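Peer 1: Just a sequence and a predicted model for now, questions to come.
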Amino acid sequence: MKILTVCLGNICRSPTAEAALNEALREAGLDQQVSVDSAGTGDWHLGEPPDERMTRAAAKAGMTLSGRSRQIAVTDFAEFDLILVMDHANHADVTAMAPDAAGRDKVRLFRSFDPDADHEEVPDPYYGGEAGFHAVVELCRAAARGVLAEIQQTLDA
Ligand code: 4NP
């Protein structure tokens, strides 16, 4: 199974979501069965590593961010089984790119997997303060646990 996390710039939220999913999969011993990648809808940061403020906040929580920013491509809809977007704008942009209904069906709001979420979006931390980056780490961890639970249910079925 292959999962793609998607935000706007692919330097803050989606690399953190990717790391949180990898952490949850590793803890569950499923990291060999499920792989995770991330991408952005925008192209402003192509080739750049994750944002330093985001990397610092993740590191404080024991998570290492990796990868370089890339833009989501139409081929991703065939390659990935699940495309997890961070907010409604991402959802609109990504579903608009989907080549068919099957592709559109793969696109889900990441936080919809968190049963305790009080909001559907992982807020964009880019223009805000440090607290926003720490919030992204915690929201991604909670949503990743929900994604893991759904994967485990599917594997057990
Ligand atoms: P991300 O955050 O979508 O979580 O990676 C952002 C990164 C860059 C910009 C906006 C959001 N930007 O406008 O450059």
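Peer 2: Yep, it's here.
Peer 1: could you say what helices and strands the longest helix seen in the chain packs with?
Peer 2: Determined from DSSP state H, the single longest helix within the chain is helix 130-156. Secondary-structure packing of helix 130-156 (3 or more CB pairs under 8 Å, 6 or more residues apart in numbering; DSSP states H and E): helix 13-27, helix 52-60, strand 82-85. From N, CA and C alone the C-beta is placed, and that goes for glycine too.
Peer 1: Adding distance to Asp43 and mean neighbour count as columns, could you present the ones you listed in JSON lines?
Peer 2: Output for those, formatted as JSON lines (distance: least, CB to CB, whole Å; neighbours: other CB atoms under 10 Å):
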{"stretch": "helix 13-27", "distance to Asp43": "14", "mean neighbour count": "25"}
{"stretch": "helix 52-60", "distance to Asp43": "18", "mean neighbour count": "18"}
{"stretch": "strand 82-85", "distance to Asp43": "17", "mean neighbour count": "28"}
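Peer 1: Could you take these and lay them out as CSV, with extra columns for mean pLDDT and distance to the ligand?
Peer 2: Formatted as CSV, the helices and strands packed on helix 130-156 follow (pLDDT from 0 to 100; distance: least, CB to the nearest ligand atom, whole Å):
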stretch, mean pLDDT, distance to the ligand
helix 13-27, 98, 3
helix 52-60, 98, 7
strand 82-85, 98, 10
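Peer 1: Same list (these) but as JSON lines, adding distance to Gln71.
Peer 2: Putting those into JSON lines (distance: least, CB to CB, whole Å) gives the following:
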{"stretch": "helix 13-27", "distance to Gln71": "11"}
{"stretch": "helix 52-60", "distance to Gln71": "18"}
{"stretch": "strand 82-85", "distance to Gln71": "14"}
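Peer 1: any idea how far the closest residue to Ser35 other than its chain neighbours lies from Phe113?
Peer 2: Spatially, and ignoring its direct neighbours in sequence, Ser35 is nearest to Lys2 (5.3 Å; CB to CB, 6 or more residues apart in numbering). Distance, Lys2 to Phe113, by CB to CB, to the nearest Å: 16 Å.
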